[in-house]
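>>> Using only what follows, build the 3D model:
(one chain, ligands or ions: 1)
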Amino acid sequence: MTDSDWPIVGVAGARGVVGGVFCSILADAGLPAENLRAYGHLEGNTLEYRGSSVKVNFLTDDSARELDVLFLAVDGVQSKEIMAGPGARIPLVVDNSSAFRLADGVPLIVPEANAHAARNRTGNLIANPNCTTAAAVVALAPIRDLAGLASVDLASYQAVSGAGRKGLDAFEAERGTEHRDRAADSPFHGRIADSVVPQIDVLDEHGWTGEENKIHAELRKILELPSLDVAATTVRVAVHTGHSVALHIRTERDTTVADLERVLRNAPGLEYRPADGSERHPMPLDIEGRDPVLVGRLRAIPGRDRGFALWVSSDNLRKGAALNAIQSAAAADPERFGRLLPPLR
Ligand SMILES: NC(=O)c1ccc[n+]([C@@H]2O[C@H](COP(=O)([O-])OP(=O)(O)OC[C@H]3O[C@@H](n4cnc5c(N)ncnc54)[C@H](OP(=O)(O)O)[C@@H]3O)[C@@H](O)[C@H]2O)c1
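Okay, the predicted model is just below:
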């Protein structure tokens, strides 16, 4: 029996790190257990959901037929397989992997910047951006709207949970040990405990990492600025959850710190912290488990025309993944999926 007032919602990869956050947000929204379908790579596991035990199944063509929406929290290979098979039968799918982010005709959505692209989609698939991209976009979109954007240079400080279960396991295995080697099966380029690792994903032939190339292309697509000048250095840091980004931007038109502060204070999806230190600057510990992107340390760059610096911190598992995906489904079809969003934390 399902509750017909609620959509039937599937989460593929429900036992993964992002999948778990999907389930917790859906539970906060009140989605009944009978309306949740959990999928994994094996049959037979279960997960706890609102006091019930939900069975984790393998997603098949038959089981896909009843779904109203499917959230994919699996890797890109699995996402492609699912979209070539059962995913094609589902009215709306939101994919968290990088498999379709740059595909023509697939909207890549951060609702604060381009909700219209979710509403006007022509297919059944929406892509969710990289977690660092999502955080940066929430701060950059209102600046784009105020004064245009000529360039974005950024350095990221990315938490280990951004690398999923394997990342968390490696961090836990290394913590409290003193050797300098990385844990067996670590997804990181070097030991992450007590360290920072300046490579995320593989290097291309020019020395840029996959993560840096994703951010470059995804910022351009979401902000609808196809020739935006972007340079990113992405770094893994010994933080459990919460990505931070140092942004150095140039606007296209003249503006002031006061005007930027005014728009950032009023922009959706973010919480502004004054740069004078009168409140704590944005930090991962203050954003873990919360929904807004924290924005602070806004200042003009001396000697650089239209140059400004700012700092953001965001929960990579919520705004960087599950929350943004549910918000995108709600933006695509507010009537059907709007109620999947609980009050903001
Ligand atoms: N972590 C982040 O901050 C973050 C942010 C943005 C985007 N993403 C993206 O989100 C996706 C999930 O990331 P994660 O961090 O949650 O990874 P994870 O913790 O490693 O979880 C991956 C999940 O995929 C499941 N899976 C594997 N094959 C499957 C299949 N055939 N059908 C259904 N499920 C299958 C696994 O299921 P079992 O439990 O059954 O083994 C596992 O639960 C990835 O594409 C990642 O790039 C992650």
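>>> Return the distance of Gly123 relative to Val106.
From Gly123 across to Val106, the span is 7 Å (Cβ to Cβ, to the nearest Å). Placement of C-beta: from N, CA and C, glycine included.
>>> how far away is the residue of the stretch 151-300 of the chain found nearest the ligand from Arg65?
Closest residue of the stretch 151-300 of the chain to the ligand, Cβ to the nearest ligand atom: Gly164 (2.8 Å). Per Cβ to Cβ, Gly164 is found 29 Å from Arg65.
>>> now swap in Gln199 and tell me
For Gln199 relative to Arg65 (Cβ to Cβ), the value is 43 Å.
>>> same thing with Asp204?
Distance, Asp204 to Arg65, by Cβ to Cβ: 41 Å.
>>> So what pairs up with Val295 in the strands?
With DSSP bridges as the criterion, Val295 is bridged to Tyr272, Val312.
>>> who touches it in this structure?
Val138, Ala139, Leu264, Leu270, Glu271, Tyr272, Arg273, Pro282, Leu310, Trp311, Val312 (Cβ atoms under 8 Å, 6 or more residues apart in numbering).
>>> would you list those residues in JSON lines and tack on neighbour count and distance to the ligand?
As requested, the contacts of Val295 are exported to JSON lines (neighbours: other Cβ atoms under 10 Å; distance: Cβ to the nearest ligand atom, whole Å):
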{"residue": "Val138", "neighbour count": "25", "distance to the ligand": "14"}
{"residue": "Ala139", "neighbour count": "27", "distance to the ligand": "18"}
{"residue": "Leu264", "neighbour count": "21", "distance to the ligand": "24"}
{"residue": "Leu270", "neighbour count": "23", "distance to the ligand": "18"}
{"residue": "Glu271", "neighbour count": "19", "distance to the ligand": "20"}
{"residue": "Tyr272", "neighbour count": "23", "distance to the ligand": "24"}
{"residue": "Arg273", "neighbour count": "23", "distance to the ligand": "23"}
{"residue": "Pro282", "neighbour count": "25", "distance to the ligand": "17"}
{"residue": "Leu310", "neighbour count": "25", "distance to the ligand": "22"}
{"residue": "Trp311", "neighbour count": "21", "distance to the ligand": "19"}
{"residue": "Val312", "neighbour count": "27", "distance to the ligand": "15"}
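>>> Count the residues that sit near Asp305.
Residues lying near Asp305 (other Cβ atoms under 10 Å) number 9.
>>> quick one: pLDDT of it?
Reading off the confidence values, Asp305 has pLDDT 97.
>>> go on, the one 3 residues further on?
Phe308 is assigned a pLDDT of 98 by the prediction.
>>> Angles on the backbone of it, please.
Main-chain torsions, Phe308, degrees, to the nearest 10: phi -140, psi 150.
>>> just Arg304 next, same as before
Torsion angles, degrees, to the nearest 10, at Arg304: phi -120, psi 120.
>>> Now the nearest residue to it once chain neighbours are set aside: which helix or strand?
Closest residue to Arg304 apart from its sequence neighbours, by Cβ to Cβ, 6 or more residues apart in numbering: Arg250 at 7.0 Å. Secondary structure assignment for Arg250, by DSSP states H and E: strand 243-251.
>>> Convert whichever helix or strand comes after that strand to PDB, retaining C-alpha atoms only.
Reading on from strand 243-251 to the C-terminus, the next helix or strand found by DSSP H and E is helix 257-266. Extracted in PDB, the C-alpha atoms of helix 257-266 (Å, rounded to 0.1, in the frame of the first residue of the first chain):
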ATOM      1  CA  VAL A 257      31.700  45.700  -1.700                       C
ATOM      2  CA  ALA A 258      28.600  47.400  -0.200                       C
ATOM      3  CA  ASP A 259      26.500  46.500  -3.300                       C
ATOM      4  CA  LEU A 260      27.800  43.000  -3.400                       C
ATOM      5  CA  GLU A 261      27.100  42.600   0.400                       C
ATOM      6  CA  ARG A 262      23.600  43.900  -0.100                       C
ATOM      7  CA  VAL A 263      22.700  41.300  -2.900                       C
ATOM      8  CA  LEU A 264      24.400  38.500  -1.000                       C
ATOM      9  CA  ARG A 265      22.500  39.200   2.200                       C
ATOM     10  CA  ASN A 266      19.200  38.900   0.200                       C
END
